[in-house]
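Q: 3D, please:
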Amino acid sequence: MSMTNSREVANRLALGDINVNYHDVGSGRPVFLLHGSGAGVSAWANWRLTIPVLSKFRRVIAPDLVGFGYTEIPDDFEFVHMQSWVDQIIDMMDALDIQQADFVGNSFGASLTLALVVEHPERVGKMVLMGSGGQPFEVSPELSKLWGYKPSREAMREILQIMAFDQSIATEELAEMRYQATLRDGAQALFERVFPEPHQRWADALVIDDEALAKLDHETLILHGREDRVVPVHVSENLFKKIKNSQLHLFGSCGHWTQIEQAERFNHLVMGFLQETQ
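A: Numbering: from 1, shown residues only. Got it, this is the predicted structure:
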């Protein structure tokens, strides 16, 4: 675990009673990378193949969101759905003296990006939404397994197999790393507080209404794996129809982990999109 910790734990930022673990690499216009909501997740676990590439030309900030990774919160912390995470990002931006940034969100992190841009449109530049929520969909048995995870190697292996279309990615080494992360003191209890059953209500809480989406004029790149078993493709297709300055890219033979399964293509698309003139 010591090697995992050294990679996953980076900088610390105190925001009131929250102690945020975050990566801050490179220079230039800032871009936030917001991770997904799987068990054992951290910013580094989600973005380890993206941070080194984007940080060559941008300042990349990748926090562990409240309730995940190595960000520390008090035992009596109360999650106010979406608002807890919106507040964390705005407080981070203020503490780091960042008036506006671009955002790349994975799954729950993409849903958070949408919640953020609706509430604070002036703080968000361009958006990349990958495997996003934000439109109505029925929670699948696969997503329920992700949010209902109980620590075991077998359960973690099953989650990785759900996430990836290419099963060779779901290695024993990766499963062990993610499994060990869920065994840290208090990690599982905290995870179970974030998305308690019934799971459908959390997917519903991510939905952004059509009127709010129609008001957005932010340049938006929407990415989705065609074989995604966690969030169905029609969610991204509907976002594409409703966000006026958007483009949609679908990957065949790809599941929910676009940034890992299609890392080179994902990075190429995101870099090109971010480098286009505003």
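
Q: tell me the contacts of the spatially closest residue to Lys242 that is not a sequence neighbour?
A: Once flanking residues are discounted, Lys242 sits nearest to Leu213: 4.2 Å by CB to CB, 6 or more residues apart in numbering. (C-beta placed from N, C-alpha, C; glycine too.) The neighbours of Leu213, taking CB atoms under 8 Å, 6 or more residues apart in numbering as the test, are Leu239, Lys242, Ile243.

Q: any idea which element Leu213 lies in?
A: helix 210-215 (DSSP states H and E).

Q: Check which helices and strands the very next helix or strand once past that helix is in contact with.
A: Later in the chain than helix 210-215, the nearest helix or strand by DSSP H and E is strand 220-225. Judged by 3 or more CB pairs under 8 Å, 6 or more residues apart in numbering; DSSP states H and E, strand 220-225 is in contact with strand 124-130, helix 233-242, strand 246-251, helix 258-261, helix 263-275.

Q: neighbouring strands for strand 220-225, and are they parallel or not?
A: strand 124-130 (parallel), strand 246-251 (parallel) (DSSP bridges).

Q: okay, the angle between it and helix 233-242?
A: 160 degrees (axes from the mean of the first three to the mean of the last three CA atoms, to 10 degrees).

Q: Which one (most neighbours) among the contacts of Leu213?
A: Ile243 (25 neighbours; other CB atoms under 10 Å).

Q: How many residues are close by the closest residue to that residue other than its chain neighbours?
A: Leaving out its chain neighbours, the residue that sits closest to Ile243 by CB to CB, 6+ apart is Thr220, at 5.0 Å. Neighbours of Thr220 under the rule other CB under 10 Å: 26.

Q: Pick the most deeply packed of the strands paired with strand 220-225.
A: A comparison of the strands paired with strand 220-225 by mean neighbour count, using mean count of other CB atoms under 10 Å, puts strand 124-130 on top with a mean of 24.
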